[in-house]
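> my questions are about this predicted structure, shown below with the sequence.
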Amino acid sequence: MKFTELQLIEPILKALTDEGYTTPTPIQQQAIPIVLNKIDLLGCAQTGTGKTAAFAIPMLQNLYKTKSNEKGFKKIKALVLTPTRELAIQIDESFKAYGRYTGITSTVVFGGVGQKPQTDALRRGIDILIATPGRLLDLMNQGYVDYKSLEVFVLDEADRMLDMGFVNDVKKVIAKLPFKRQTLFFSATMPPEIVKLANTILTKPEKVEVTPVSSTAETIKQAIYFVDKNNKRDLLIDILKDKNIKTALIFTRTKHVADKVSKELAKAGIKSAAIHGNKSQNARQKALNDFKENTIRALVATDIAARGIDIDDLTHVINYDLPNIPESYVHRIGRTGRAGANGIALSFCDFEEKAYLKDIQKLINISIPVIEDHDYPMKDFEVKPKEPQRGRGPRNDKPRSNTSQSKPSNGSSKRYGNR
């Protein structure tokens, strides 16, 4: 199927051609006709499936067809609520790219920066508002946001909203929206709380589900290194000496480790930057732009900061720390191997993380190949007692068990660059 077969208008098809898009992804094939018919949608799709275009393209077309010729300020016709600033910015960029020939306008609002440019844009009038919950509520309370003309509401990354503690803020926003509207609800996973929320805001929705969270793309080549925790830094530097690794998105479990890894890479002469919630918006955006423009080779990120980051031609994802939530592994490595391209996902596993690896392999139903031939093989086979942390509750990254033993696979290699 081609985009030309989806009954899209010429201004949007022209923009898609400019972007180099010809063939819709599975979620786009299924979702676009539903949204065009103004039916509520429940979409279960993991990152990297093309869901932003799945809702942005038909929304733009519907708004274009009902565009008012009345004079005066534009009124908000659509609201997209998303959990992170990076994702909000990228969604706004997508609307602007797909709608460049439609005359439909959009703006994005998020916290961590001054609000005046955002309130100025709202005063001038826009068709589509993309927002994160906290800043949106602030602007609503100040009277800058009017939903009287709202036609469409999109809740994106609903499960991440839950993880980040935004559900109550989301409910406060929804309570102010017109009852009569089209609602599009997207989530990578469907835990009971998310199902309950979806049931309260959707009316006779059609469901679209693609690429279950338990699956990883066949285009992604995966491998695991067993390594002691104290040797992870040296192993990472050794791997990044391979010039075939053009770009690497590196995941850590904590913000502190992300900063530490980025500094160690810089000392080794590897240009990198860290991106996480404690960084200012300007610093986060500069790091992301530098990475996209290949000014730096490595971007070190935490899960929340990296959710929704869309980077063309990302060759490698490296899990410096294995995630303690197995679904997060799927989301992480889904940053590479997009749109049919090949990608490589490398993971470091110390002794205490073997329980996490066992859970990941159970979820994806794959035994991840082990690279045994490297300079930092695991030698530490006991759990070290954790030092008590002052002023903090129990840590949530404690392995569920320490008995998991992964079997090495045949055909190991020391390097895992592009081949």
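Looks like it arrived, so ask away. Computed from a predicted structure; not experimentally measured.

> where does the stretch 1-150 of the chain dip in pLDDT?
Within the stretch 1-150 of the chain, the ranges that satisfy pLDDT under 70 run 46-48, 68-73.

> now the strands for it?
Assigned by DSSP state E, counting those that start in this stretch, the strands in the stretch 1-150 of the chain fall at 41-45, 78-81, 106-109, 128-131.

> give me the sheet partners of the first one and which way each runs.
It refers to strand 41-45. strand 182-187 (parallel), strand 206-210 (parallel) (DSSP bridges).

> distance between the next helix or strand after the shortest one and the chain's centre?
In other words, strand 206-210. Next along the chain after strand 206-210, taking DSSP states H and E as the criterion, comes strand 220-226. Offset of strand 220-226 from its chain centre (C-alpha atoms, centre = their mean, to the nearest Å): 21 Å.

> by contact count, what packs against the next helix-or-strand element following strand 220-226?
Counting by DSSP H and E, the next helix or strand C-terminal to strand 220-226 is helix 232-240. Secondary-structure packing of helix 232-240 (3 or more C-beta pairs under 8 Å, 6 or more residues apart in numbering; DSSP states H and E): helix 255-267, strand 343-349. In short, each C-beta sits where N, CA and C put it, glycine included.

> repeat that for 10 Å
strand 220-226, strand 248-251, helix 255-267, strand 298-301, strand 316-319, strand 343-349 (3 or more C-beta pairs under 10 Å, 6 or more residues apart in numbering; DSSP states H and E).

> hang on, the earlier thing: reformat the strands paired with strand 41-45 as CSV; add mean pLDDT and distance to Asp290.
Below are the strands paired with strand 41-45 laid out as CSV (pLDDT from 0 to 100; distance: least, C-beta to C-beta, whole Å):
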stretch, mean pLDDT, distance to Asp290
strand 182-187, 95, 29
strand 206-210, 90, 32
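
> looking at the strands of the stretch 1-150 of the chain, spot the one closest to Glu151.
strand 78-81 (6.4 Å; C-beta to C-beta).

> extract the CA atoms of that closest one and return them as CSV.
Extracted in CSV, the C-alpha atoms of strand 78-81 (Å, rounded to 0.1, in the frame of the first residue of the first chain):
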residue,chain,number,x,y,z
ALA,A,78,-6.7,20.0,18.6
LEU,A,79,-4.7,19.2,21.7
VAL,A,80,-1.9,16.6,21.9
LEU,A,81,-0.8,15.7,25.4
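
> what strands flank it, and is each parallel or antiparallel?
Here, using DSSP bridges, strand 78-81 pairs with strand 128-131 (parallel), strand 152-155 (parallel).

> could you list the buried residues of that strand?
By neighbour count on 16 or more other C-beta atoms under 10 Å, the buried set for strand 78-81 is 78-81.

> quick one: contacts for the residue nearest to Tyr21 when sequence neighbours are not counted?
In space, and not counting its chain neighbours, Tyr21 is closest to Phe3: 6.3 Å by C-beta to C-beta, 6 or more residues apart in numbering. Phe3 makes contact with 12-13, 16-17, 21-24, 28-29, 32, 53, 57 under the criterion C-beta atoms under 10 Å, 6 or more residues apart in numbering.
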